[in-house]
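# Here is my input, please return the structure:
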Amino acid sequence: MSEEGQKQRGRPDMTLLVLVLVLAVFGLVIMFSASAYNGRVRFHDFAYYFKKQFFATALGLAAMYVVAGMDYHFFTALAPLAYLLSMALSTAVLFVGQEINGSKRWLNLGPLSFQPSEFAKVAVILFLAWQIDRTEKRTAGLWFMCRTMLTLLPIVGLVGSNNLSTAIIILGIGVILIFVSNPKYLQFIGLGGAGIAFVAVFLAAESYRLERLAIWRNPEKYEKGFQTIQGLYAIGSGGLFGRGLGSSLQKLGFVPEAQNDMIFSIICEELGLAGASALILLFVLLLWRLCVIATHSRDLQGTLICGGIMGHMAIQVILNIAVVTNTIPNTGITLPFVSYGGTSVVFLLAEMGLALSVSSHGKVRAAYNNGKRPFRSEKLG
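Here you go, the predicted structure:
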């Protein structure tokens, strides 16, 4: 095997690492501010939510460190098993899952609760990277697109039965990875139409989803529009520079579960437009860095892993901010690294570890390249 085909390891992408650490610290500070009132009222401990999030963040950073030090090909080799495990866990939720706030999305593991849908996102990214890589260069036909999307339908159906927002994210990841690996564009018009039809069926399947559309159009007419209205009050009262960190009024019982999906409204109220814009800039820089790593990956698997992580982050950030600003109906999507959620932050940091692994590890397989240059996506550059 040529020298180019030997396994190599360099330094991880320090820019990405710094951005992730800044977002993790920022998320802990804001989450503490947003959750202190609820923690004191419900559990007589203003740091209740913070301590749980801090533990999850520490666990996630440890996972990121371990994953970043390993060759990402090891994880893609286990991708089929991870995908099957995600389906088994998602099925278990339907039968023995814990119901919280009317949603059955958690499995109890002793004193800890686990949300399988977060694991499913990572499993799908790895599985699609493994599957598309095995097709070699047969990625230009309609059959490739249909086959790839069909493999996602089982997990989308299982997750979407009680968590439509995560099902949309998984579908979005699939579309993005197909787009990255497919040199043609027109075929995505048909894929987009099929996706819209699929989402429409899911919306019509449950009456509460149609109710959300009505609340979105006119939140003042519905009792359940209270959260949206209070979130908009928080955004509007923040002004340019905000009331100051810890000085939010809307988090004092007006915005329900302020530390969860609606935390961006508290950021706007306490830090103003300047603080919200700074956070959005951090996310933009993170996406840019993931794109850079994807385009410089030494093989197709690395490109697809970083492309999938980038798509996951972009979709989740855009949907969360759109929901908080009432641009789209409420979907219950958290803001990455910032909203309260232990399972979410652990797997997000593990994903960042995968991206760091791609940036520092490389294996150009002579059997795959046949002596030619490594794969580079035409669409990512």
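
# So residue 37 versus residue 344, what's the distance?
To residue 344, residue 37 is 22 Å away according to CB to CB, to the nearest Å. For every residue, glycine as well, the C-beta is placed using N, CA and C.

# If you count surrounding residues, which of the two has more?
Ranked by neighbour count (other CB atoms under 10 Å), residue 37 and residue 344 place residue 344 first, with 22 against 16.

# check which helix or strand covers that one.
helix 342-360 (DSSP states H and E).

# Quick one: mean pLDDT for that helix?
The average pLDDT within helix 342-360 is 94.

# Mind giving me the packing neighbours of that helix?
Using 3 or more CB pairs under 8 Å, 6 or more residues apart in numbering; DSSP states H and E as the contact test, the elements touching helix 342-360 are helix 14-43, helix 48-68, helix 72-77, strand 112-114, helix 116-134, helix 263-295, helix 300-324.

# The closest residue in space to residue 322 that isn't next to it in sequence: neighbour count?
The shortest distance from residue 322 to any non-neighbouring residue, by CB to CB, 6 or more residues apart in numbering, is to residue 328 (4.5 Å). Residue neighbour count, defined by other CB under 10 Å, stands at 16 for residue 328.

# Can you tell me the SS state at residue 328?
Under DSSP: H, G, I helix; E, B strand; the rest coil, residue 328 falls in the coil class.

# can you pull the contacts of it?
Contact analysis of residue 328 by CB atoms under 8 Å, 6 or more residues apart in numbering lists 216, 319, 322.

# filter the residues you listed to the buried ones?
Buried by 16 or more other CB atoms under 10 Å: 216, 319, out of the contacts of residue 328.

# Turn the contacts of residue 328 into TSV, columns for pLDDT and distance to residue 277.
Below are those laid out as TSV (pLDDT from 0 to 100; distance: CB to CB, whole Å):
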residue	pLDDT	distance to residue 277
216	74	25
319	93	19
322	93	16
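
# Adding distance to residue 334, write the contacts of residue 328 out as a markdown table.
Listed next are the contacts of residue 328 as a markdown table, based on distance: CB to CB, whole Å:
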| residue | distance to residue 334 |
| --- | --- |
| 216 | 19 |
| 319 | 10 |
| 322 | 13 |
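
# hmm, back to that, could the helices and strands packed on helix 342-360 be laid out in TSV, adding distance to residue 228?
Output for the helices and strands packed on helix 342-360, formatted as TSV (distance: least, CB to CB, whole Å):
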stretch	distance to residue 228
helix 14-43	17
helix 48-68	22
helix 72-77	39
strand 112-114	27
helix 116-134	23
helix 263-295	9
helix 300-324	8
